[in-house]
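Participant: I'd like to go over a predicted model; first the sequence, then the structure.
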Amino acid sequence: MTCPSPVPVIACSVLKDELEFILSRDFPGVSCVFVDSMLHMHPEQLGKALERRLSQHGTQPCLVVYGDCHPHMKDMEDSGRIIRTPGVNCAEILLGHERYVSHRNRGSFLFLPEWTSRWRDIFMNELGFTDPQLAREFMAETRNGLVYLDTGIAPVPLKCLEDIRSFFGMAVTVEPVSLDHLARLIVDGVSRLERLPHEH
Amino acid sequence: MTLKNTQDHLLNAILSGSRKEAIAILDRWAGHCGYRQTISELLEPVLETIGTLWVSEKISLAAGYLAGKIAEDTLLKAHEHEQAVPEIRGPVVLGNVEDDYHSLGRKLVGIFLKTAGWRVIDLGNDVPSESFVDAAVKNEARVIAVSAMMFSTAKNIAGIRNELDRRGLHGRIKLAVGGAVFRIRPELVAEVGGDGTAVNAMATPALIDRLWREADVQNIP
């Protein structure tokens, strides 16, 4: 499958490795700009960063691989400036609705590979959980389990997962995830972009 | 040590993440004047300061969470010492809107409301609109406090507003809305039919107090 015209894709870096794999396989002419996943912690900054990226493409609509990650995402969609991958967050975009809802209902905390590699920075520096006892209490109160989503792109970071287990006092389950759903969303998104009138 | 000095020490203990020290400060003060007074004159003002710092993003989520746990610990001790904060206000019906599972903010709101003497009926996560209104009517609550983290779930709050209006309860039961999305997009409060919002969990008691009084006024024939 090839893309006949350049399609601007803007995505969260939490799915960088997975998207680069899919794009190079299915859309070799398409390049993607990635925005730092740490901005998930700062929705206002994320909104501004996305606006900056979008403005670089003028009035050309972009495919945006994001969930409902900042409060004006829907406005961007309604304006016709973006086509967004369906899903409330990166986990739903990767897993699909049913599987994501199943995890949500079970109270799973989902670790995507890129976030897993930055877990200390996220939990300690960004969220301030430097005290493992408080972190354990927080996780036990808000979640029922920790799940690492193994997308198959990188080896499962066993040492890192052991550190996470030790820090939160909660076992980490490794769950394989195919990239089929994400790839379908990209195909669908590119197709929707190509069907848009040229005046956009 | 003066009350002001003790408040400063407690604030520093919480901000530095020292739960033991914070609890020790509260216990020492309670040894002199009891837990009920400790909560009202020592803990509550410190929580207000932490709330202000939280809004200006000068403290972490962990510090806010720790403040909630310390308040919860202190409430529990007050109960154990039969010095529970009397539930002189409320009840307030609390919950996460349908499809919303971000429970932390709701739990903190519940703790801070109880600290301020409100009786709280917590319905949990993913609560349908009808259940909020049913609970408020059954318990004669004049305020429903609903939490939503994201825009996509915040829109579901309109269902509670519609249900209140459909049952002729507009103005008699007030709708307090909260969650990160409202801080960044304040116009959403009116869009979903909310009567007010608070900048964070610690500011919720003041909001509920205002809405309760407004509902009261509108009930006067």
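Facilitator: Ah, there it is. Residues are numbered from 1 along each chain as shown, chains lettered A, B, ... in the order given.

Participant: Contacts only, for A:Arg143.
Facilitator: A:Gly107, A:Ser108, A:Phe109, A:Met170 (CB atoms under 8 Å, 6 or more residues apart in numbering or on different chains). Where you see a C-beta, it was placed from the backbone N, CA and C, and this is true even at glycine.

Participant: which of these are buried?
Facilitator: Buried by 16 or more other CB atoms under 10 Å in any protein chain shown: A:Ser108, A:Phe109, A:Met170, out of these.

Participant: from the contacts of A:Arg143, which are also near chain B?
Facilitator: Residues of the contacts of A:Arg143 in contact with chain B (CB under 8 Å from any CB of the partner chain): A:Gly107.

Participant: quick one: which of the contacts of A:Arg143 is nearest chain B?
Facilitator: For these, the closest approach to chain B (CB to the nearest CB) belongs to A:Gly107, at 8.0 Å.

Participant: Leaving out the residues flanking it, which one is nearest to the closest one?
Facilitator: Nearest non-adjacent residue to A:Gly107, counting by CB to CB, 6 or more residues apart in numbering or on different chains: A:Asn144, 3.5 Å away.

Participant: Can you pull up the most central residue in chain B?
Facilitator: B:Val109 (2.8 Å; CA atoms, centre = their mean).

Participant: just for chain B, where's the confidence low?
Facilitator: B:83-84, B:216-221 (pLDDT under 70).

Participant: Strands - which of the buried ones among the contacts of A:Arg143 land there?
Facilitator: Under the assignment DSSP state E, those contribute A:Ser108, A:Phe109 to strands.

Participant: Next, count neighbours for the closest residue to chain B within chain A.
Facilitator: Relative to chain B, the nearest point of chain A is A:Gly128 (2.6 Å; CB to the nearest CB). Counted with other CB atoms under 10 Å in any protein chain shown, the neighbours of A:Gly128 add up to 20.

Participant: got it, and B:Asn12?
Facilitator: Neighbour tally, B:Asn12, other CB under 10 Å: 14.

Participant: That one is in what secondary structure piece?
Facilitator: Using DSSP states H and E, B:Asn12 maps to helix B:3-15.

Participant: After that helix, which helix or strand is next?
Facilitator: Proceeding N to C from helix B:3-15, the next assigned helix or strand is helix B:19-33, under DSSP H and E.

Participant: Same question for that next one: list its buried residues.
Facilitator: B:Arg19, B:Ala22, B:Ile23, B:Ile25, B:Leu26, B:Trp29, B:Ala30.

Participant: Show me which of the residues you listed is closest to chain A.
Facilitator: B:Arg19 (7.0 Å).

Participant: contacting residues for the closest one?
Facilitator: Applying CB under 8 Å, 6+ apart to B:Arg19 gives the contacts A:Asp131, A:Leu134, B:Ala13, B:Leu66, B:Lys69, B:Ile70.

Participant: Redo those residues as CSV? Include secondary structure, neighbour count and distance to A:Ile164.
Facilitator: Listed next are the contacts of B:Arg19 as CSV, based on DSSP: H, G, I helix; E, B strand; the rest coil; neighbours: other CB atoms under 10 Å in any protein chain shown; distance: CB to CB, whole Å:
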residue, secondary structure, neighbour count, distance to A:Ile164
A:Asp131, coil, 16, 16
A:Leu134, helix, 18, 16
B:Ala13, helix, 21, 28
B:Leu66, helix, 27, 21
B:Lys69, helix, 20, 22
B:Ile70, helix, 23, 26
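
Participant: quick check: domain ranges of chain A?
Facilitator: Following automatic domain parsing, one gets these domains for chain A: A:9-89+A:179-195, A:92-176.

Participant: sorry, back to before: out of the contacts of B:Arg19, which one sits closest to B:Val199?
Facilitator: Closest to B:Val199 out of these is B:Leu66 (18.9 Å), distances taken as CB to CB.

Participant: so that closest one touches A:Ala135, yeah?
Facilitator: No - counting by CB atoms under 8 Å, A:Ala135 is not a contact partner of B:Leu66; they are 10.8 Å apart.

Participant: what helix or strand is A:Thr173 on?
Facilitator: Judged by DSSP H and E, A:Thr173 forms part of strand A:172-176.

Participant: which parts of that strand are buried?
Facilitator: Neighbour count says strand A:172-176 has A:Val172 buried, by 16+ other CB under 10 Å.

Participant: contacts for that strand?
Facilitator: With contacts defined as CB under 8 Å, 6+ apart, strand A:172-176 is touched by A:Phe111, A:Gly145, A:Leu146, A:Val147, A:Tyr148, A:Leu149, A:Asp150, A:Gly152, A:Val156, A:Leu161, A:Ile164, A:Arg165.

Participant: State the pLDDT value of the second one.
Facilitator: Reported pLDDT at A:Gly145 in the predicted model: 95.

Participant: Next up, the contacts around the residue lying closest to it once chain neighbours are set aside.
Facilitator: Spatial nearest neighbour of A:Gly145, excluding adjacent residues (CB to CB, 6+ apart): A:Ser108 at 5.1 Å. Applying CB under 8 Å, 6+ apart to A:Ser108 gives the contacts A:Arg143, A:Asn144, A:Gly145, A:Leu146, A:Val147.
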